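[1] Need a 3D model of the following:
(one chain, ligands or ions: 2)
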Amino acid sequence: MTDMPPIPTRVDDIFIPAEEYGDPAVDAAERERLWPKIWHMACRQSDLEVPGDFVAHEILDESVLIVRTGEGDDDIAAFYNVCQHRGRRLRDEPKGRVGPTLACRFHGWQYTREGELHSIYMEDDWTDCPAFDRDKLSIPSVRVERWGGWVWINMDPEAEALDSWLGAARDVLAPFHFDEMRPVFWKTLLAPVNWKVIAEAFNEGYHSGATHTCGINYWASRSPTATAGRHSIFFSEGEGFSEYRNEEGKWVKAQTMGEHIWANNRHLYSTLHAMTLDPGLAASERLRDMPADSDPAAMGALLYQFNREEIEKSGASFPETMTMEKLYATGTDWHLFPNSIVLPTLDGALWYRIRPDRHNRDACIFDIWSFGRFAAGKEPKVENEIFDGFEAFAGQCEFLEEDFANMQAVNDGMKSRGFRGATLNPVQEGSVSNFHRALREFIGGD
Ligand code: FES
Ligand SMILES: [Fe+2]
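    Residues are numbered from 1 along each chain as shown. Ligands and ions are numbered 1, 2, ... in the order given. Model (predicted):
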């Protein structure tokens, strides 16, 4: 439990040896000692709408079934997706709905929604068989908890509880009420690079000046980092008003605080479709239209108020425990160790999840969600869109495509004999350093 949000801190452990990226033994160690022991953000609670709904969460060679077992929010079971007869995966599809039992498609054994053995086809064949122990034929369960509108699972029976795992992140992020948000989109990119290349490109903002050049000049912005146990945060700071590309494609400099904030938020709206949605854009436009002599120091409070009004005007509910102080203390980007990253705003959140590919260390599965707040019944119907490779993603989100333009080159470059290791920025890449420190705790025992 914490009352104080983390604050930026300088990190002097700045060197990550190349082996931590390039050595297949590191991936093998992660497979054994990391992934089976962490809390996995497996699916949205809203994916399990009615009893019988299930999601299969895949991680490397494992598949875990998460099943809604009853009407209550806590009526969720998780167990390995494997029949105890001959080991067939019980469900091949990523999601679906089952009746009171799940039948294996190989020989028809049936299990309850909790994963307990229900019936064996022609069970009388086993009569008087001394080696047959029916009590040992339920499917091993997996721990399951809920937070932030997500269902989390952990394959380690000894793991700390999710609350403790999330630590300060849980308290600082609580006022956003992610459980009330619904997806605007869910895009999955099958990325041909190691999972850490993606995770580390999205947990720091130091790259913004050089990488994100299409509509805002970020060279003057700085993104100091802080750590919260295994998790990391980056904040956003800037000096002066942004230069931005106007409607005619010309670079201009914002003249007022209102114009500066509007230009930045409009850029997110149009190139990312996340973090600034319709209410946030409307609020930013109102701020831009304030008289030029408005007090710049009052703009933060005004923006907060306009956001609240626009969210409520849309019929959605404003998160009731949020305050302006809590909002501005949150920071921009939270890396929830090891493979989930969230950028929350009043409007919603941009949320990432990165999973290593099962067969190829130079590939990963990168999920990208944009979340928003909606009036009941106004939520968009969202299907998971899957893109195989960076080229297939072209035209989806210009902002992210700027990030993706580096990914293959980073993955390739880090394999060079000429790469000794990463030399991190102690102010703006403490998040990367902290990530490796926490990874070493799991895989190296130090
Ligand atoms: S493997 Fe499932 S019933 Fe035979
Ligand atoms: Fe980026």
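
[2] going forward, measure contacts between C-alpha atoms and count neighbours the same way
    Noted.

[3] Residues of the stretch 101-250 of the chain that sit close to ligand 1?
    Proximity of the stretch 101-250 of the chain to ligand 1 (C-alpha under 6 Å from any ligand atom) is limited to residues Cys104, Phe106, His107, Gly108, Trp109.

[4] Quick check: which element contains the second one?
    The reference is to Phe106. Counting by DSSP states H and E, Phe106 is held by no secondary-structure element, helix or strand.

[5] shouldn't it be in contact with Arg91?
    No. If you go by C-alpha atoms under 8 Å, Phe106 and Arg91 don't touch, sitting 10.9 Å apart.

[6] neighbour-wise, which of these two wins?
    Comparing Phe106 with Arg91 by other C-alpha atoms under 10 Å, the one with more neighbours is Arg91, at 21 against 13.

[7] Retrieve the pLDDT associated with the more buried one.
    With respect to pLDDT, Arg91 has a value of 98.

[8] Kindly report the domain assignment for the protein.
    Taking automatic domain parsing as the reference, the chain has its domains at 1-38+169-446, 40-158.

[9] Taking the stretch 101-250 of the chain, what residue is nearest to ligand 1?
    His107 (3.7 Å; C-alpha to the nearest ligand atom).

[10] what ranges do the helices span in the stretch 151-300 of the chain?
    Assigned helices in the stretch 151-300 of the chain, in chain order: 162-166, 168-173, 195-201, 208-211, 257-271, 278-288, 299-313 (criterion: DSSP state H, counting those that start in this stretch).

[11] where's the residue of the stretch 301-446 of the chain found nearest ligand 1 relative to Glu58, distance?
    Distances between the stretch 301-446 of the chain and ligand 1 by C-alpha to the nearest ligand atom are smallest at Arg358, namely 22.4 Å. Distance, Arg358 to Glu58, using C-alpha to C-alpha, to the nearest Å: 9 Å.

[12] backbone phi and psi for the residue of the chain positioned farthest from its centre, please?
    The C-alpha centroid of the chain is most remote from Asp128, which lies 51.5 Å away (C-alpha atoms, centre = their mean). The phi and psi values for Asp128, taken as degrees, to the nearest 10, are phi 70, psi 10.

[13] Might you report the residue contacts of the residue of the stretch 101-250 of the chain closest to ligand 1?
    His107 is in contact with Tyr121, counting by C-alpha atoms under 8 Å, 6 or more residues apart in numbering.

[14] Before we move on, what's the pLDDT of it?
    Looking at His107, the pLDDT reads 98.

[15] what does the one 5 residues further on give?
    Thr112 carries a pLDDT score of 98 in this model.

[16] Arg113 against Ala77, yeah?
    Yes. At 7.3 Å, Arg113 counts as touching Ala77 under the criterion of C-alpha under 8 Å.

[17] Need the residues touching each of these two.
    Val67, Arg68, Thr69.

[18] how many other residues sit next to the second one?
    Using other C-alpha under 10 Å, Arg68 has 27 neighbouring residues.

[19] and Val144, backbone torsions?
    Dihedral angles (degrees, to the nearest 10) for Val144: phi -140, psi 140.

[20] err, Trp351, not the other one
    When quoted as degrees, to the nearest 10, the phi and psi of Trp351 stand at phi -130, psi 130.

[21] Which positions within stretch 136-154 qualify as buried?
    For stretch 136-154, burial by neighbour count (16 or more other C-alpha atoms under 10 Å) applies to 137-139, 141-154.

[22] between the residues of the stretch 101-250 of the chain next to ligand 1, which is nearest Ala174?
    Set against Ala174, the nearest of these by C-alpha to C-alpha is Cys104 (40.0 Å).

[23] Go ahead and confirm that closest one touches Arg88.
    Yes. The criterion here is C-alpha under 8 Å, and Cys104 meets it with Arg88 at 7.5 Å.

[24] ranges for the strands of the stretch 51-200 of the chain?
    53-59, 62-68, 76-80, 95-97, 101-103, 110-112, 117-119, 143-147, 150-154, 182-191 (DSSP state E, counting those that start in this stretch).

[25] Out of these, which is closest to Lys313?
    Judging the strands of the stretch 51-200 of the chain by C-alpha to C-alpha, what sits closest to Lys313 is strand 182-191, at 17.4 Å.

[26] Skipping its backbone neighbours, what lies nearest Val67 in space?
    By the measure of C-alpha to C-alpha, 6 or more residues apart in numbering, the closest residue to Val67 outside its immediate chain neighbours is Phe54, 4.3 Å from it.
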